[in-house]
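# sharing a model prediction with you, sequence too.
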Amino acid sequence: TGDVLWGSKDVKYTDYTGAVTGTPGGQVTYHHRGFDNFLYVRSWLQQRFKKHRENGDDEGIKKLLVTGSSAGAYGAALDFPHLRQAFPEAKAYMLADAGDGVITDSFLQQAVQGLDRWGASQNIAHWIPGMDALPYTAADRFFPMYYSALAAYYPHDRFSQYTTHWDIVQTLVLNIMLNQNNIPAWTKITPSVYGAWAQGMENHIYLNAVNPNFRFYVAEGCNHTILRFSDDFYKTHSSQSPNFLSWFKALTKDGGGDDGEDGNAPNAWQNTFCANCSLPPLAPDVSACLARSFSR
């Protein structure tokens, strides 16, 4: 729906190239209804588990994992408190997969603040202290403030983010934001843009990590997302310690760390940063990451 699951609004846009309408300058209506779709699914979940409880098949939801990849990572972040309201008895966990929130002030103003083209401002969990300040927050502070508000309001839940250090798709999206009216430049990712995205990502995750119930996992390479790639998700041997599988298991362990399984040290749920990711990938590697990221 073009709104990373935040939207509740229909908006007319100008199709400058004619790629959608067939007429350059034509008008096209986007139904930014991602949040409304989420509410429908939440209602379905509530009804489903209500029936289980009424039939005596279920005592209630004990664990709730909220996650999403790419655009879904932002949906997971926004929708988490709304799911917590639906299942207040659960111990909850959130994993944002490849959605680190490195955006521009212009994009934020158009999508969420100011113009609020998505109609998202009404969908933010305003009952959480600190959320009402978001409409007045700069882009480089928006998501760290959002995560801090979540983590403080739900101190017994856990929040986490995964990304590769040179995520090609997140860098591409930032480049589009920086060149919004220059379509030919969208796919021409320069080293400076790569550096800007990586620096922004690092700033965000370390600000988020100030919260005691937040952890990050930064892997090497430029692939986009991990939940869609079983070979990366289930890889048991890695230059990183702990590997992602053990880290993911430890996320939802009540004790806060893993028990030594898979050959990893205890307390596997810790901030993890790749050891071999100091330089951006070369052009052939970038092309391979793009092809792989868009093929699934």
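Received it, and whenever you're ready, just let me know what you need. Just so it is clear, the model here is predicted, and its values are computed rather than measured.
# CA atoms only: put the helix or strand hosting Gln170 into PDB for me.
Secondary structure from DSSP states H and E places Gln170 in helix 168-178. In PDB, the C-alpha atoms belonging to helix 168-178 read as follows (Å, rounded to 0.1, in the frame of the first residue of the first chain):
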ATOM      1  CA  ILE A 168      21.800  -2.300  -0.700                       C
ATOM      2  CA  VAL A 169      18.100  -1.800  -0.700                       C
ATOM      3  CA  GLN A 170      18.000   0.600   2.300                       C
ATOM      4  CA  THR A 171      20.800   2.500   0.700                       C
ATOM      5  CA  LEU A 172      18.900   2.600  -2.600                       C
ATOM      6  CA  VAL A 173      15.800   4.000  -0.800                       C
ATOM      7  CA  LEU A 174      17.900   6.700   0.900                       C
ATOM      8  CA  ASN A 175      19.300   7.600  -2.500                       C
ATOM      9  CA  ILE A 176      15.800   8.000  -3.900                       C
ATOM     10  CA  MET A 177      14.900  10.300  -1.000                       C
ATOM     11  CA  LEU A 178      17.900  12.400  -1.700                       C
END
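# next structured bit after it?
According to DSSP H and E, the helix or strand after helix 168-178 is helix 191-208.
# tell me the first helix or strand C-terminal of that following helix.
strand 214-219.
# can you list the neighbours in contact with that next one?
Identification of contacts with strand 214-219 by C-beta atoms under 8 Å, 6 or more residues apart in numbering yields 147, 151, 158-165, 201-202, 205, 208-209, 226, 232, 240, 244, 247, 251, 269-274, 277. All C-beta atoms are positioned from the backbone trio N, CA, C, and that covers glycine.
# residues in contact with the helix or strand that comes right after that strand: which ones?
Proceeding N to C from strand 214-219, the next assigned helix or strand is helix 230-233, under DSSP H and E. The contact list for helix 230-233 (C-beta under 8 Å, 6+ apart) reads 219, 223, 226-227, 244-245, 248.
# which ones are touching the residue nearest to the spatial centre of the chain?
Most central in the chain under C-alpha atoms, centre = their mean is Ala73, positioned 2.4 Å from the mean C-alpha point. Contact partners of Ala73, counting by C-beta under 8 Å, 6+ apart, are 67, 96-100, 161.
# low-confidence bits of the stretch 1-150 of the chain, can you list those?
Along the stretch 1-150 of the chain, the parts satisfying pLDDT under 70 run over 52-53, 56-59.
# all helices of it, in order?
34-54, 71-86, 105-111, 139-153 (DSSP state H, counting those that start in this stretch).
# out of these, which comes closest to Ala291?
Ala291 lies closest, by C-beta to C-beta, to one member of the helices of the stretch 1-150 of the chain: helix 71-86, at 19.4 Å.
# list the buried residues of the closest one.
71-81, 83-84, 86 (16 or more other C-beta atoms under 10 Å).
# for these, give me a markdown table that also has distance to Tyr40.
Putting the buried residues of helix 71-86 into a markdown table (distance: C-beta to C-beta, whole Å) gives the following:
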| residue | distance to Tyr40 |
| --- | --- |
| Ala71 | 18 |
| Gly72 | 16 |
| Ala73 | 20 |
| Tyr74 | 18 |
| Gly75 | 13 |
| Ala76 | 17 |
| Ala77 | 19 |
| Leu78 | 15 |
| Asp79 | 12 |
| Phe80 | 17 |
| Pro81 | 18 |
| Leu83 | 13 |
| Arg84 | 18 |
| Ala86 | 13 |
